[in-house]
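K.L.:
okay, here's the prediction I keep looking at, along with the sequence it came from:
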Amino acid sequence: MSMITNHMPTAELQALDAAHHLHPFTTGNEINAKGARVITRANGVTLTDSDGHQFLDAMAGLWCVNLGYGRPELAEAAARQMKELPYYNTFFMTTHVPAIALSARIAELTPGDLNHTFFASSGSEANDSNIRLVRTYWDVKGKPSKKTIIARKNGYHGSSMGSASLGGMSAMHAQGGLPIADIHHIDEPHWYAQGGDTDPAEFGLERAQQLEKAIHDIGEDNVAAFIAEPIQGAGGVVIPPETYWPEIQRICDKYEILLIADEVICGFGRTGNWFGSQTMGIRPDIMTIAKGLSSGYAPIGGSVVTDEVASVIDQCEFNHGYTYSGHPVACAVALENLRILDEEGIVDRASTETAPYLKGKWDALADHPLVGEARIAGLMGSIALTPHKESRAKFAADAGTAGLICREECFANGLIMRHVGDRMVISPPLVITKDEVNTLSDRAWKALDAAHARLKDEGLMKAAS
Ligand SMILES: *Cc1c(COP(=O)(O)O)cnc(C)c1O
């Protein structure tokens, strides 16, 4: 077979892709008929496709390339590690320097006494580990009935059987027999979509108190943990009302429920602090990390637990682990990523300079006739598309129809934004400059104008009744 390179004609690459590649979260017949977009190169915040088109990647890949593309130091760190020790495991009484160094560095960066990391290769795996960790924790403490994990509708925690069960995506649960046993979902704190006439503060409290009610219904002795993203990402960048997290923390403390903060998106600078838990003022017992940990340059994730949780787990043999838990190359890449994020002041600058600048531009989008609200925290933001601003109305058309049209117009204008139903979301690399923020904003306005014109032409600016 001949070498497959970036220099083949796009149509040939697309034909081979259609013939042999099954894609995640994609309708195969659709991508095979249309031809996949082939991304060939990237630098900074800019992607290039096989036809030479360039795009400002306002999603940082899948919320992960915090450092931006094209940093040679990470490639060099990987090459150095591969030459020295490409692989060894961390099972059965062994360890290696990259896993030691990365776990120690994570302990320094995370707040409080979150000092111990169990490594995985992804956020999904890490959340599967969390299910095992919290149930084992209560088992060792002599409370084996504490098994149920409470999570949220429309939360996202990954795509494996366990992590997708924790997640509250109904389309995912509909395939493959999910959720697994002893997972319970409460409503999300999504005021814009679900708050009706209530005041956001009151709504936030009500949604948090659903946790207390669920604990009463299921029985305090049967609940192991509550898991949530500090700010929901894949659910549409849903920033909860300010009343929400303090009430959740109060309830977890009162009933001795372990709090798992899924920091896979929020971690490593995304929300204006190193961790979303700091932005939201919460004290998790366990943090899930992945994505920005390596800025996507290598697959790695983990569960970071407190001294107390580690001291309990340490009492048993934990019969769980992955061949690639603490993979030395992935650890070396993550360490180099963390070094640069810190030493170049990227997290600080994103928080103090870029985020306020982007917020100004982003908030202004709320004046667009197609936009019902614009929200942003640090460098993760969303806008709600609506046919009728005042009533926060949904479209009469199927959810996602307007969002998809808007996403197509973003691509046509050299901008990658993702749509979640009829919300548009961004999560750009933390290295984005003010100039690039201007470009992002200009292209977003153009895309919204074009989407609005198309929706009007196609008779889609109708509100659901
Ligand atoms: C992406 C994501 C995951 C899953 O991570 P993978 O690396 O895709 O397995 C888990 N939790 C959150 C909050 C995520 O955004």
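P.N.:
Here it is on my side, so go on. Source: prediction; values computed, not measured.

K.L.:
so where's this protein uncertain?
P.N.:
Along the chain, the parts satisfying pLDDT under 70 run over 1-6.

K.L.:
the domain parsing of it - what is it?
P.N.:
Split into domains by automatic domain parsing, the chain comes to 37-70+345-457, 73-343.

K.L.:
what's the closest of these to the ligand?
P.N.:
Smallest distance to the ligand across the domains of the chain (C-beta to the nearest ligand atom): 2.3 Å, for domain 73-343. (Each C-beta comes from the backbone N, C-alpha and C, glycine too.)

K.L.:
just the terminal-to-terminal distance for the closest one.
P.N.:
For domain 73-343, the first-to-last residue distance is 13 Å (C-alpha to C-alpha, to the nearest Å).

K.L.:
quick one: distance of it to the chain centre.
P.N.:
How far domain 73-343 lies from its chain's middle: 11 Å, per C-alpha atoms, centre = their mean, to the nearest Å.

K.L.:
mind putting the domains of the chain into JSON lines with distance to G28 and mean neighbour count?
P.N.:
Below are those laid out as JSON lines (distance: least, C-beta to C-beta, whole Å; neighbours: other C-beta atoms under 10 Å):
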{"stretch": "domain 37-70+345-457", "distance to G28": "15", "mean neighbour count": "19"}
{"stretch": "domain 73-343", "distance to G28": "14", "mean neighbour count": "20"}
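
K.L.:
can I get those in a markdown table with distance to the ligand?
P.N.:
Listed next are the domains of the chain as a markdown table, based on distance: least, C-beta to the nearest ligand atom, whole Å:
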| stretch | distance to the ligand |
| --- | --- |
| domain 37-70+345-457 | 6 |
| domain 73-343 | 2 |
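
K.L.:
in the stretch 1-150 of the chain, which spans are helices?
P.N.:
Assigned by DSSP state H, counting those that start in this stretch, the helices in the stretch 1-150 of the chain fall at 10-20, 28-34, 60-63, 72-84, 97-109, 123-140.

K.L.:
quick one: which of these is nearest R375?
P.N.:
Minimum separation from R375 across the helices of the stretch 1-150 of the chain (C-beta to C-beta) falls at helix 60-63, 15.9 Å.

K.L.:
longest helix in the protein, by residue count?
P.N.:
As assigned by DSSP state H, the longest helix anywhere in the chain is helix 434-457.

K.L.:
need the helices of the stretch 1-150 of the chain in CSV (columns: distance to I215).
P.N.:
CSV is the format used below for the helices of the stretch 1-150 of the chain (distance: least, C-beta to C-beta, whole Å):
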stretch, distance to I215
helix 10-20, 48
helix 28-34, 42
helix 60-63, 31
helix 72-84, 43
helix 97-109, 30
helix 123-140, 14
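
K.L.:
can you list the domains of the chain in TSV and add distance to H21?
P.N.:
Formatted as TSV, the domains of the chain follow (distance: least, C-beta to C-beta, whole Å):
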stretch	distance to H21
domain 37-70+345-457	11
domain 73-343	17
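
K.L.:
residues making contact with the helix or strand hosting H184?
P.N.:
If you go by DSSP states H and E, H184 is part of strand 183-186. Here strand 183-186 makes contact (C-beta atoms under 8 Å, 6 or more residues apart in numbering) with 148-153, 155, 165-166, 168, 179, 207, 210-211, 214, 218.

K.L.:
can you tell me the helix or strand for V304?
P.N.:
Assigned by DSSP H and E, V304 falls in strand 301-306.

K.L.:
what inclination does that strand have with respect to helix 97-109?
P.N.:
Counting by axes from the mean of the first three to the mean of the last three C-alpha atoms, to 10 degrees, strand 301-306 lies at 50 degrees to helix 97-109.

K.L.:
elements contacting strand 301-306?
P.N.:
Where contact means 3 or more C-beta pairs under 8 Å, 6 or more residues apart in numbering; DSSP states H and E, strand 301-306 is packed against helix 97-109, strand 114-120, helix 123-140, strand 286-289.

K.L.:
right, and the helix or strand after it?
P.N.:
helix 307-313.

K.L.:
which strands and helices lie in contact with the next helix or strand after that following helix?
P.N.:
Where DSSP H and E defines the elements, the next helix or strand beyond helix 307-313 is helix 328-343. Applying 3+ C-beta pairs under 8 Å, 6+ apart, one finds that helix 328-343 contacts helix 72-84, helix 97-109.

K.L.:
would you format the ones you listed as TSV with distance to H23 included?
P.N.:
TSV is the format used below for the helices and strands packed on helix 328-343 (distance: least, C-beta to C-beta, whole Å):
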stretch	distance to H23
helix 72-84	26
helix 97-109	31
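
K.L.:
for the nearest residue to G281 once chain neighbours are set aside, give me its contacts.
P.N.:
Spatial nearest neighbour of G281, excluding adjacent residues (C-beta to C-beta, 6 or more residues apart in numbering): W245 at 6.3 Å. Applying C-beta under 8 Å, 6+ apart to W245 gives the contacts 208, 230, 280-282.

K.L.:
surely I426 is in contact with D57?
P.N.:
No: counting by C-beta atoms under 8 Å, I426 stays clear of D57, with 9.8 Å between them.

K.L.:
many thanks, have a good one.
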